[in-house]
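Novice: Build me a model from this:
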Amino acid sequence: MKSIIGQVLQSVRERVLDPVSKRISEIACEKVLGVVEEHVDCHRNFQNYVDDLKKGVGDLKRKRGDKEAELRIVDHTEKMVKEEVQGWLDGAGRVIDMVDIEEELENVSYLSQGRLGRRVRQKTQEVREIQNRGNFTEGLVIERPPSIGIPLPTENMVGKLDVKEKIRGYLRGSEGMIGVCGIGGIGKTTIMKHIHNELLNEATRFEKVIWVTVSHPLNVVRLQGDIARKMKKGLREDADELERASRLMEIMKTVKYALILDDVRDKFTLTRVGIPKPTMENGCKIVITSRSVDVCNYLSCQIVKVPPLSKEESVNLFLDEVGPDVLQIPNSDEIVKLIVQKCAGSPSDIVGIASRMRGVKDTCEWRNALLELPQ
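Specialist: Numbering: from 1, shown residues only. I've put the predicted structure just below:
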């Protein structure tokens, strides 16, 4: 019985295992042969592969240079580079910077040509592929999404947080016209710059946040042009004030805006300029800063008064600006208090005198500075 089973197993091995082993052997031979043939081919055609790579890299450099030259003449304030284009430029740059291959090509030995030839051929294929992807038939740029506004540079805001929150409350409420009043240099513009930048981060509230510094004396034509430019629109230069007002009115009626008019000193009407009246329905807001309560009342503003800095706030601001070394000067405490008192809580006056006296350590110079201040 064992002899019969052995014969059966031997027969199975001959019929099943031998063909499998034979196929495995054939596959292995084919792979080895393929590797050998590829190595021989890379060795034989090494210089051709190198020439192809150098030509491909040269063509890619020129193509990338053409795209970059094209982008340099684009107005990037209104258009932006497509992401796929930027990705292609970055990828092309990486492929071009194949310093490792170039260094090896310069000193390659005869025996290494087969191995290196394979790498050169692969790099050439990469160059061709990225070059083929650089055909942007629909252009390199797209229109920038509409900008709600441009952030303004700001200074530190000393105190005034309660005033700022009061203005923000009115902007959230039903008031359409808000007037921020106070003496010159008291911080009205600084407060509104901070609010302006905060509104930019609330894109769902307004489609446009516009800042315009109003000239004095008032020039209506100039004000119309300034507002239109901030809206990325133009007004005809040869049109008169009334025609420009009509056109500006049409432009602004299409946008939910927050308009900040800084340093308004003269009375005017919104209709004369061409500014639509803010209402609950259109959701627009206008904030003016002015030294004159009369101007704010004339425009029917909800008035927010900006008070002077307190004595403590004034002294702290002065010391922050002039530096702590001032306290080492004899009798400096009394001089600083008198200087701050003459500044009457005006941040701009305090910063101005503190900046001028920074680094001065002579007591006489400090007393002279005190005497020069207006009574």
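Novice: Who are the contact partners of the closest residue to Val322 other than its chain neighbours?
Specialist: Sequence neighbours aside, Ala354 is the residue nearest to Val322 in space, at 4.1 Å (criterion: CB to CB, 6 or more residues apart in numbering). Glycine gets a C-beta too; all of them are placed from N, C-alpha and C. Shown in contact with Ala354 (CB atoms under 8 Å, 6 or more residues apart in numbering): Leu317, Phe318, Glu321, Val322.
Novice: Can you show me the strands along the chain?
Specialist: For the chain, applying DSSP state E gives strands covering 79-81, 141-143, 177-181, 208-213, 257-262, 285-290, 302-305.
Novice: Val212: neighbour count?
Specialist: For Val212, the count of nearby residues is 18 (other CB atoms under 10 Å).
Novice: what about the nearest residue to it once chain neighbours are set aside, distance to Leu299?
Specialist: Leaving aside its chain neighbours, Val212 sits nearest to Asp226 (4.8 Å; criterion: CB to CB, 6+ apart). Counting by CB to CB, to the nearest Å, the separation of Asp226 from Leu299 is 18 Å.
Novice: again with Leu171
Specialist: Note on Leu171: its distance to Leu299, by CB to CB, is 16 Å.
Novice: Please apply the same query to Lys256.
Specialist: As judged by CB to CB, Lys256 and Leu299 stand 20 Å apart.
Novice: who's more crowded, those two?
Specialist: The neighbour count for Lys256 versus Leu299, taken as other CB under 10 Å, is higher for Leu299 (19 against 14).
Novice: correct me, but the more buried one touches Met177?
Specialist: Yes: applying CB atoms under 8 Å, one finds Leu299 in contact with Met177, separated by 5.8 Å.
Novice: Between those two, which contacts overlap?
Specialist: Common neighbours of Leu299 and Met177 (CB under 8 Å, 6+ apart) are Ile286, Ile288.
Novice: circling back: count the neighbours of the residue nearest to Val212 for me.
Specialist: For Asp226, the count of nearby residues is 18 (other CB under 10 Å).
Novice: go on, His194?
Specialist: Using other CB under 10 Å, His194 has 20 other residues around it.
Novice: How about Asn368?
Specialist: Using other CB under 10 Å, Asn368 has 11 neighbouring residues.
Novice: what residue ranges in the stretch 251-375 of the chain are flagged as low confidence?
Specialist: 375 (pLDDT under 70).
Novice: all helices for the stretch 51-200 of the chain, in order.
Specialist: In chain order, the stretch 51-200 of the chain shows helices spanning 83-96, 99-106, 113-132, 161-172, 188-200, with DSSP state H, counting those that start in this stretch as the criterion.
Novice: So which of those has the densest surroundings on average?
Specialist: helix 188-200 (a mean of 20; mean count of other CB atoms under 10 Å).
Novice: And that helix, how far out from the chain middle?
Specialist: On the basis of CA atoms, centre = their mean, to the nearest Å, helix 188-200 sits 18 Å off its chain's mean C-alpha point.
Novice: where's the closest residue to Leu53 other than its chain neighbours relative to Lys61, distance?
Specialist: Nearest non-adjacent residue to Leu53, counting by CB to CB, 6+ apart: Thr124, 4.5 Å away. Remark: distance between Thr124 and Lys61 (CB to CB) = 14 Å.
Novice: show me what contacts Lys166?
Specialist: So Lys166 contacts Val304 (CB under 8 Å, 6+ apart).
Novice: could you redo the last one with a cut-off of 10 Å?
Specialist: With contacts defined as CB atoms under 10 Å, 6 or more residues apart in numbering, Lys166 is in contact with Lys160, Ile178, Val180, Gln302, Val304, Lys305, Val306.
Novice: Need the pLDDT of Lys67.
Specialist: The model reports Lys67 with a pLDDT of 87.
Novice: doesn't Asp90 make contact with it?
Specialist: No: contact criterion CB atoms under 10 Å: Lys67 and Asp90 do not qualify, at 11.7 Å.
Novice: what residues are shared contacts of those two?
Specialist: With CB under 10 Å, 6+ apart, Lys67 and Asp90 have no common neighbours.
Novice: for the stretch 51-200 of the chain, what are the low-confidence residue spans?
Specialist: Within the stretch 51-200 of the chain, the segments meeting pLDDT under 70 span 75-78, 98-117, 144-146.
Novice: could you redo the last one with a cut-off of 50?
Specialist: By pLDDT under 50, the low-scoring segments of the stretch 51-200 of the chain are 99-100.
Novice: thinking again about what came up before, now the strands of the chain as TSV including distance to Arg72?
Specialist: Listed next are these as TSV, based on distance: least, CB to CB, whole Å:
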stretch	distance to Arg72
strand 79-81	11
strand 141-143	12
strand 177-181	43
strand 208-213	29
strand 257-262	34
strand 285-290	39
strand 302-305	47
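Novice: Can you say which of those is nearest to Arg118?
Specialist: Closest to Arg118 of these is strand 79-81 (CB to CB; 35.8 Å).
Novice: Which other helices and strands does the closest one contact?
Specialist: Other helices and strands packing on strand 79-81, by 3 or more CB pairs under 10 Å, 6 or more residues apart in numbering; DSSP states H and E, are helix 46-72, helix 83-96, strand 141-143.
Novice: Next up, the contacts around Arg272.
Specialist: By CB under 10 Å, 6+ apart, the residues touching Arg272 are Leu218, Val220, Leu223, Gln224, Glu241, Leu242, Ala245.
Novice: could you flag which of those are buried?
Specialist: Among the contacts of Arg272, the ones that count as buried by 16 or more other CB atoms under 10 Å are Val220, Leu223, Gln224, Ala245.
Novice: any idea which of those residues is closest to Arg118?
Specialist: Among these, Gln224 lies closest to Arg118 (CB to CB), at 69.7 Å.
Novice: Show me where the stretch 251-375 of the chain has its helices.
Specialist: Counting by DSSP H, counting those that start in this stretch, the helices of the stretch 251-375 of the chain are 270-273, 293-298, 311-322, 332-343, 347-357, 363-372.
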